[in-house]
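# pasting the sequence and the predicted model now:
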Amino acid sequence: MAVFRGLPYGNARFRVELDGIELTGFLVVQLPDLIIEYAEYREGSDPRLQSTPVAKRPRFGTLVLKRGYHGGLDLYQWWQQAASGQVGARRNGVIKLETEDRSAVAAAWRITGALPVRYAFSPLDAQDGGTLVEMMEIACQDVQLE
């Protein structure tokens with residue numbers, strides 16, 4: 001699905017879906033890091049002193065979603081499900097990067113086994129008067145770029 005072009009894509013046109021339901025209003029989506037754990041290996045008979053990195057297993061950083069708080073409880077209720085150990089708390093989702101004119105999906109990050117691990121708000125500040133931001137950090141079992 002990823003569409004290659006000569007110019008880089010902008011980062012402002014995206015959609016967030018969890019279990020097929022589009023969630024709206026996100027200001028920031030920080031995509032998970034894709035990490036390969038590794039070990040250093042050196043064969044005992046090798047005359048060189050350098051070791052060689054050997055891949056062990058992939059793991060994934062957290063997905064971070066931030067949006068202006070609008071009074072909805074959907075993210076909080078999902079966090080409550082996870083906190084109480086409910087079986088249905090894991091979800092699957094997709095983050096879709098759209099072209100500037102929103103006519104096509106340029107790339108998609110498919111997230112499986114998503115589990116909320118942190119739910120927070122920006123500070124309440126009477127002097128600032130800015131937007132209250134709701135934030136959720138989500139652990140990912142797997143991430144595939146399409």
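Done, it's in.
# show me where pLDDT drops low in this structure?
Within the chain, the segments meeting pLDDT under 70 span 1.
# can you map out the helices along it?
Under the criterion DSSP state H, the chain contains helices at 74-83.
# so how far is Gly113 from Lys84?
Lys isn't right for residue 84; it's Ser. 18 Å (C-beta to C-beta, to the nearest Å). C-beta coordinates here come from the backbone N, C-alpha and C atoms, glycine included.
# so what's the residue count around Val29?
17 (other C-beta atoms under 10 Å).
# strands of this protein, start to end?
In the chain, the strands defined using DSSP state E lie at 14-18, 21-23, 26-30, 34-41, 52-60, 63-68, 91-98, 105-121, 133-139, 142-145.
# distance from the second one to the middle of the chain?
Computed by C-alpha atoms, centre = their mean, to the nearest Å, the chain-centroid distance of strand 21-23 equals 15 Å.
# same question for that strand: list its buried residues.
Leu23 (16 or more other C-beta atoms under 10 Å).
# go on, stretch 130-143?
Neighbour-count burial for stretch 130-143 flags Glu134, Met135, Met136, Glu137, Ile138, Ala139, Cys140, Val143 (criterion: 16+ other C-beta under 10 Å).
# who's Leu18 bridged to?
Under the criterion DSSP bridges, Leu18 forms beta bridges with Ile21, Gly93.
# tell me if I'm right that it and Ala114 touch.
Yes: the pair Leu18 / Ala114 is scored as a contact, 7.1 Å apart, by C-beta atoms under 8 Å.
# these two: which is more packed in?
More crowded of Leu18 and Ala114, by other C-beta under 10 Å: Ala114, with 24 against 19.
# what's the overlap in contacts for Leu18 and Ala114?
Contact with both Leu18 and Ala114 is made by residues Arg91, Asn92, Gly93, according to C-beta atoms under 8 Å, 6 or more residues apart in numbering.
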